[in-house]
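Colleague: Predicted model follows, preceded by the sequence.
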Amino acid sequence: MFLVAVVALAALVLFSMFNLDTIAESRQVSVVGERLATLGRSQSVGQDPRWMIYSRTPDMIADNPILGVGAGNYSIAAERYGILEQGVPLDHAHNVPLTVAAELGLVGLIPLTWLIIAIIRDGWTAIRRRGDPGAGVLGLGVAAAFAAIAIPSLGDYPPRTNAIAAVFAVLLGLLAARAQAASSSR
């Protein structure tokens, strides 16, 4: 298994070396580069719409605490709260818990909290079993993938984006299967 991973990594490095121009010119690399470049500019941070979103969304939540404004209705309510970018209401709060609380209220936030706790618990179980050659590596990889998908969701992309939702569902299934296998092998 280790040899396969080393060979795959070597193939990836070789592929990358022969395609550096294509990779460097890709849209994804340029977007990441632009975003990283704004980190050092204090005026960019001050103009970041997230600060406005994060300060006004709690008012939306306070006005609709139980059921929220409705699934997918953040942009409709955002206009009333002045959560606009260039005059256009924003589609989500750029933060999963804030978006869920605004759209679904406590009715949505409670299950989300339970899901996050379950994912952390099962991920921790997977990490503790990382030395197990049969289950550990997969569990550790799934836990790392969950962390990789959770970090951008905290500040950017909502989980209702089709690609993120699909990856999340697959990872959730893998983590649940690993947790079930771990509990049945005890």
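Modeller: Perfect, thanks for sending it.
Colleague: From here on, just use CA atoms for contacts and neighbour counts.
Modeller: Noted.
Colleague: Does anything pack onto the lengthiest helix in the chain? Which helices or strands?
Modeller: Using DSSP state H to assign secondary structure, the helix with the most residues in the chain is helix 96-128. Packing partners of helix 96-128 (3 or more Cα pairs under 8 Å, 6 or more residues apart in numbering; DSSP states H and E): helix 49-63, helix 74-80, helix 136-155, helix 162-184.
Colleague: In a markdown table: the ones you listed, plus mean neighbour count.
Modeller: A markdown table is the format used below for these (neighbours: other Cα atoms under 10 Å):
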| stretch | mean neighbour count |
| --- | --- |
| helix 49-63 | 16 |
| helix 74-80 | 18 |
| helix 136-155 | 17 |
| helix 162-184 | 15 |
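Colleague: mind checking which of the ones you listed is nearest Gly123?
Modeller: Smallest distance to Gly123 across the helices and strands packed on helix 96-128 (Cα to Cα): 5.0 Å, for helix 136-155.
Colleague: Could you give the average pLDDT over that closest one?
Modeller: Summarised as a single mean, pLDDT over helix 136-155 is 76.
Colleague: Compute the distance from the centre of that helix to the centre of its chain.
Modeller: 9 Å (Cα atoms, centre = their mean, to the nearest Å).
Colleague: got it, and stretch 117-126?
Modeller: That offset, for stretch 117-126, works out to 16 Å (Cα atoms, centre = their mean).
Colleague: buried sites along that stretch?
Modeller: By neighbour count on 16 or more other Cα atoms under 10 Å, the buried set for stretch 117-126 is Ile119, Asp122, Gly123, Trp124, Thr125, Ala126.
Colleague: Nothing else from me, thank you.
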